[in-house]
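Novice: return a 3D structure for these sequence lines:
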Amino acid sequence: MKECIMLGRGPSRVDCLSDKPVWTVSWGWDFAPRIDKLFTVHKWDEEELEEFKKWQAKGCEIVAPVPHPDLNVTIYPIEQVLKECGCKDFSDLICYMMAYAIYIEKVDKIWWYGIDCMGYTTYTMERGGMEFWAGVARGRGIEVINTFGSATLKPKDGMYGSWGNRTDRIARLLKADSVTAYKTPVFSGHGVMP
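Specialist: Modelled structure (predicted):
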């Protein structure tokens with residue numbers, strides 16, 4: 001089974017277990033115990049360049065839209081991704097990472113840490129795109145597993161309708177982490193829900 005961890009900058013990043021390949025974004029290096037793929041979709045920032053070099057020296061693959069003379073870069077295959085997905089729903093870097101996992105790496109399972117989308121910041125605008133790509137993955141049979149503390153893939157007040165107001169075991173499952181979005185609910189790095 002091919003798996004990866006996508007590590008964002010949200011609070012649940014501290015729950016990341018690094019026994020699987022870790023993919024992250026710029027500034028993910030501030031807290032990542034290790035990085036296997038480092039993504040950027042922006043023009044090269046000379047301030048960040050030294051960090052990219054440092055991580056590449058540790059064996060990290062850099063995935064970017066354009067080459068850089070001081071780095072060995074894997075060019076993000078945007079034409080292939082757009083052709084295969086048939087859409088342009090990319091609200092942030094995690095969306096590009098999800099498309100890469102689905103269409104290029106063809107992973108079977110994606111673990112999300114730090115992809116929390118809490119509060120009323122730019123994450124409010126980005127959350128829909130991330131959830132869209134999680135749906136694309138699920139539709140292709142790819143598991144997307146999120147942390148308990150994340151707001152992403154979870155309705156604010158639990159499942160809509162009468163199922164959301166239940167008090168039995170089904171209600172505990174539904175409210176625990178929007179079980180409809182996952183095959184294996186994860187609780188903040190503490191294992192699988194009983």
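
Novice: please tell me how far the residue lying closest to Phe39 once chain neighbours are set aside sits from Glu47.
Specialist: Spatial nearest neighbour of Phe39, chain neighbours left out: Val63 (4.8 Å); criterion: Cβ to Cβ, 6 or more residues apart in numbering. In this view, the C-beta of every residue, glycine as well, is placed from N, C-alpha and C. From Val63 across to Glu47, the span is 19 Å (Cβ to Cβ, to the nearest Å).

Novice: what do you get for Asp116?
Specialist: Applying Cβ to Cβ to Asp116 and Glu47 gives a distance of 26 Å.

Novice: then Asn146?
Specialist: From Asn146 to Glu47 the distance is 31 Å (Cβ to Cβ).

Novice: mind checking which of those two has more residues around it?
Specialist: When Asn146 and Glu47 are compared for neighbours, Asn146 comes out ahead with 26 against 7, by other Cβ atoms under 10 Å.

Novice: now the strands for this protein?
Specialist: Here the chain has its strands, by DSSP state E, at 3-7, 22-25, 37-39, 61-64, 73-75, 109-113, 143-145.

Novice: next, the angle from the first one to strand 109-113.
Specialist: Counting by axes from the mean of the first three to the mean of the last three Cα atoms, to 10 degrees, strand 3-7 lies at 20 degrees to strand 109-113.

Novice: could you pull out the buried residues of the helix ranked longest in the chain?
Specialist: For the chain, the helix with the greatest residue count under DSSP state H is helix 122-139. In terms of neighbour count (16 or more other Cβ atoms under 10 Å), helix 122-139 has its buried residues at 123, 126-127, 129-134, 136-138.

Novice: shaky segments in the chain?
Specialist: 119-123, 155-194 (pLDDT under 70).

Novice: now the helices for it?
Specialist: 46-57, 78-85, 93-99, 122-139, 169-177.

Novice: dump these to a markdown table, plus distance to Gly10.
Specialist: Below are the helices of the chain laid out as a markdown table (distance: least, Cβ to Cβ, whole Å):
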| stretch | distance to Gly10 |
| --- | --- |
| helix 46-57 | 20 |
| helix 78-85 | 24 |
| helix 93-99 | 10 |
| helix 122-139 | 8 |
| helix 169-177 | 15 |
